[in-house]
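Visitor: Quick one: sequence and predicted model below, then my questions.
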Amino acid sequence: MTDASPSTDEAPKRFLVRTFGCQMNEHDSERIAGQFGAEGMVATDDLEAADVVVLNTCCIRENADNKLYGTLGHLKSLKDRRPGMEIVVSGCLAQKDKESIRERAPYVDLVFGTHNVHRAADLLRRSRDEGPLTEILEATVADDYELFPSAMPAQRELGHAAWVTIQIGCDNSCAFCIVPAVRGPEISRPFDRLVDEVRDLAAAGVTEVTLLGQNVNSYGRDLTLAARQAGDDVRVRPLFADLLRSVGAVEGIRRVRYTSPHPKDLRPETIAAMAETPAVCEHLHLPVQSGSDRVLAAMHRGYSAERYLQRLADARAAIDDLAVTTDLIVGFPGETDEDFEATLALAAAAEYDSAYTFIYSPRPGTEAAELVDRYVDPGVVAERFDRLKAVLERSALRKHEGRVGRTEEVVVEGPSRKDPSITTGRTRQNKLVHFAAGRAIKVGSYADVLVTGAAPHFLRGELIEVTEIARHRTRIPVAAG
Ligand code: SF4
C-alpha cells in the first residue's frame, strides 16, 4: 500500500523529478535528484506522496506547453490538498518562457532554467525562506566547473550505465532547432576531469558510459581556442577522438557510446578512434534530417546528401559490423515532392538499422517557424511520413534478419514490460533483444544470447550464458514524462 501522507518535520522530504524530453534533460534530472539527495531528501516515484515535485521541461517536443500546463493543473489540485507541497519547473521551457510560467501558474514555488541546474538545491532553500522564486541565467559561465551537470552529485536511473555530459550548448544554427537559443554556445568540459569522472564511475561498478553533447564531434574546439588565446602553443587536434580513446581505456568500462554527432563534423579521426578502441560500441547515430540538398541548405545543416553518404561509407568501411541510426524530419517548410523523393532515396541507400522520424512542427523562436507561407499541407506530410516509415522499417527488418543465428553480447536491462517472463537486453549495436532466460538476472549483467528471431524494432533470442554479474551499487528511479 502506498503511504501518501505528507512528511513530518522530522522525516526527510520526499521528491520526485519528472523529465520531459531528451537525454540531456534526463541527465539534468539526475543532477537535480543528486543535489536533493545530498540535502538529505529521499526520492519517491509516488506523486501523491512527494513533498517536492520538479517538472524538468523540454521545448523541443511538440505541445510542450500544453503538456506542462496540463501537468501543473493536476499538481495544483494536489497542492490545494497539501499546501506544504513544493512545485518546481526547470529546463528548456522555463529558460524560454521565463516569467510567463509564474504568471500562468502562480502556485509554482520555483522556476529555474538550463544554465543553473547546479543551483537547484540552493534555490529551493531560498524559495522556502523568501517565497516563490524565478532564476533564469542568460548564459553559462565557461570556467565554472560546478556549472557542468556531470560535476555534481547524481542519482542515476541505471546503476550500471551512466551519462557523462562532455559539452553543453551548440554553435550551430539549424533552422528548426531551439537548442542554441535555450542552451547557449558550446562549452566543453575539461578533458582530464571527464576521464577522472569516468574512472570514478567505473570504480562504482559502472561498465557503460554515454558521452553526451549537442554536437559531440566539436568537443574541445572552445578549449583549444581558449588555450591559444591565453598564448599556449596548442596544436589543433580532434579532442573528441582522443576522448573516446581515453574513456575507452578506463579499466572496467566495457561499453562507450556517444550522442549526438553532427554529420558535418564527423572526422576521420573519430572514425579511427571508434574502430581502434574495443570499448567503443559499433553504433553510430548520425542525424541526417533530410535527403534533399535544397532542404539541407534551408535547414543550414552544412552537408549535402552525397557527402553524408560518403561519411557513412567511410565509417562502415572502417568499423566492422557498424549499426547506423538517424533522425529524419518530414514536411520541413517548402519541402516539395521532389525533395521528399530525395529523402526516400537517401533512406534506402543508407540502409539504416533504425531511425527516428518526425513530422515537422514549428518551434516558436526558430527560423523555420517563421516560414508560415511555406508550411506543407498536413495530409501530404502524413502520406510522406507513412511512405518513409515503410522504407525505414524494411531496411531495419533486413538488418535484423541478418543477425538471426548469431551470438550477441547483451547488457541485461530487466524483465520485458509486456511479458515479465522475458528478459530484455541491449547489444553493442544498441539493439533490444527479448530473450528467454528462465531465471532473473541482475540488471547490468552481461550475457551471451543466441538470436533466434527478428522484427523491425527488436530481436528475439535465447540465453546461452551469463558472462558477468553486475556489481554496481545504486539503482534510484528518476521518473520519465
Ligand atoms: S546541431 Fe542543429 S539540431 Fe543539433 S542542437 Fe545544434 S542547432 Fe540543434
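Guide: Alright, I've got the coordinates.
Visitor: tally of neighbours for the residue lying closest to Asn215 once chain neighbours are set aside?
Guide: In space, Asn215 comes closest to His262 once its chain neighbours are excluded; the distance is 4.6 Å by CB to CB, 6 or more residues apart in numbering. Just so you know, the C-beta spots here come from the backbone N, C-alpha and C atoms, and that holds for glycine as well. By the criterion of other CB atoms under 10 Å, His262 has 21 neighbours.
Visitor: for stretch 34-45, what is the average pLDDT?
Guide: For stretch 34-45, mean pLDDT rounds to 85.
Visitor: For it, buried residues please.
Guide: Buried positions in stretch 34-45, judged by neighbour count with 16 or more other CB atoms under 10 Å: 34-37, 39, 41, 43-44.
Visitor: mind giving me a markdown table with those and columns for distance to Leu312 and secondary structure?
Guide: Shown next, in a markdown table, are the buried residues of stretch 34-45 (distance: CB to CB, whole Å; DSSP: H, G, I helix; E, B strand; the rest coil):
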| residue | distance to Leu312 | secondary structure |
| --- | --- | --- |
| Gly34 | 37 | helix |
| Gln35 | 41 | helix |
| Phe36 | 43 | helix |
| Gly37 | 42 | helix |
| Glu39 | 47 | coil |
| Met41 | 46 | coil |
| Ala43 | 41 | strand |
| Thr44 | 45 | coil |
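Visitor: of the residues you listed, closest to the ligand?
Guide: Here the nearest of the buried residues of stretch 34-45 to the ligand, counting by CB to the nearest ligand atom, is Gly34; it sits at 24.6 Å.
Visitor: Up against the ligand, what does this protein have?
Guide: 170, 172-174, 177, 179-180, 214-215, 262 (CB under 6 Å from any ligand atom).
Visitor: and those residues, which are buried?
Guide: Using 16+ other CB under 10 Å as the burial test, these include 170, 172, 174, 177, 179-180, 214-215, 262 as buried.
Visitor: In the residues you listed, which has the lowest confidence score?
Guide: Among those, pLDDT bottoms out at Val179, giving 84.
Visitor: wait, doesn't that residue sit right on Gly213?
Guide: No: between Val179 and Gly213 there is no contact under CB atoms under 8 Å: 11.0 Å.
Visitor: Could you name every residue contacting both of the two?
Guide: Between them, Val179 and Gly213 share no contacting residue under CB atoms under 8 Å, 6 or more residues apart in numbering.
Visitor: can you pull the contacts of whichever residue of the stretch 351-481 of the chain sits closest to the ligand?
Guide: Going by CB to the nearest ligand atom, the ligand is nearest to Thr366 of the stretch 351-481 of the chain, at 9.2 Å. Contacts for Thr366 were tallied using CB under 8 Å, 6+ apart; they are 175-178, 181.
Visitor: Look up how far Phe332 lies from it.
Guide: With the distance defined as CB to CB, to the nearest Å, Thr366 ends up 11 Å from Phe332.
Visitor: Can you pull the residues that touch both of those two?
Guide: Phe176.
Visitor: Any buried residues in stretch 399-416, and which?
Guide: 399-400, 403, 408-415.
Visitor: Kindly indicate which of the residues you listed lies nearest Ser100.
Guide: Glu413 (39.0 Å; CB to CB).
Visitor: that's a strand at the closest one, yeah?
Guide: Yes: per DSSP: H, G, I helix; E, B strand; the rest coil, Glu413 lies within a strand segment.
Visitor: which one is it nearest to, not counting chain neighbours?
Guide: Using CB to CB, 6+ apart, the closest residue to Glu413 is Thr424 (4.8 Å).
Visitor: same question, His115
Guide: His115's closest residue in space is Leu137 (CB to CB, 6+ apart), at 3.9 Å.
Visitor: what about that neighbour, distance to the ligand?
Guide: Leu137 sits 19 Å away from the ligand, going by CB to the nearest ligand atom, to the nearest Å.
Visitor: Going forward, count from 8.
Guide: Sure thing, new numbering starts at 8, so read that last one as Leu144.
Visitor: pLDDT score for that residue?
Guide: In the prediction, the pLDDT value recorded for Leu144 is 77.
Visitor: burial of it, as a residue count?
Guide: 15.
Visitor: What residues of stretch 344-352 count as buried?
Guide: Going by neighbour count (16+ other CB under 10 Å), the buried part of stretch 344-352 is 346-347, 349-351.
Visitor: do stretch 355-374 as well
Guide: 357, 359-362, 364-365, 367, 370, 373-374.
Visitor: can you give me the strands for the stretch 108-257 of the chain?
Guide: 117-119, 140-142, 168-172, 174-175, 194-195, 215-219 (DSSP state E, counting those that start in this stretch).
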